[in-house]
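>>> coords please:
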Amino acid sequence: LTNMFLNTVLQNRRGNDITLGIIFQCLAQKQEIPLYGVNLPINYLLAYTQKSNRTQLSKILFYINPYNKGIIFDLAELKKHLKESGMPISENYLGLCTPEDTILRLLYVLCRSYSIEHCQHKVSDIKRLIAIFDHPKEEL
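Residues are numbered from 1 along each chain as shown. Just a heads-up that it's a prediction; the model follows:
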């Protein structure tokens, strides 16, 4: 569970794909480096894009795996990996995600971890947060 919280990731210098990706993304964007999240089902990735447009798949120059020592690969290699893993090749998986998508993914993983640890009160708290991000207008 400790690799789920940014403060402990910074302190311990160890995290999971999502927390490391969030930190790398924030640091890069602070330096005006166009690095954005990619919400791949099996692994949270980062995408380095051309500065002009952050929404089009064709503008992604390469992908970075923040968990696997920052290994860099291109779209063809990612598609090959998805195919070998039996995953569908979808623009939803290959394109950029929003910061809200990243937060939701982190919350889902945190909820699952607390559920495994049998911390039901924390699970219910996180589920309320998930509901806010899933349906923000209904919660206001």
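
>>> And the helices in the chain?
Ranges of helices within the chain are 6-12, 17-30, 75-84, 91-94, 99-116, 120-134, 136-139, based on DSSP state H.

>>> What residues are bridge-paired with L35?
Listed by DSSP bridges, the beta-bridge partners for L35 are Y48.

>>> what's around it, how many residues?
19 (other Cβ atoms under 10 Å). Every residue, glycine included, has its C-beta placed from N, CA and C.

>>> With F5 instead?
Residues lying near F5 (other Cβ under 10 Å) number 15.

>>> Only the buried residues of stretch 125-136, if you could.
By 16 or more other Cβ atoms under 10 Å, the buried positions in stretch 125-136 come out as 126, 130.

>>> Need the residues that contact that stretch.
With Cβ atoms under 8 Å, 6 or more residues apart in numbering as the contact definition, stretch 125-136 has outside contacts at 100, 103-104, 107-108, 110-111, 114, 139.

>>> mind redoing it with 10 Å?
Under the contact criterion Cβ atoms under 10 Å, 6 or more residues apart in numbering, stretch 125-136 has outside partners 100-101, 103-104, 106-115, 119, 138-140.

>>> among those residues, which ones are buried?
When the contacts of stretch 125-136 are checked for burial by 16+ other Cβ under 10 Å, the buried set is 104, 106-107, 109-111, 113-114.

>>> ok, so of the residues you listed, who is nearest K80?
V109 (25.9 Å; Cβ to Cβ).

>>> I'd say the closest one and N39 touch.
No - here V109 lies out of contact with N39, judged by Cβ atoms under 10 Å, at a distance of 11.8 Å.

>>> Show me whatever sits in contact with both of these two.
Shared contacts of V109 and N39, defined by Cβ under 10 Å, 6+ apart, are found at I18.
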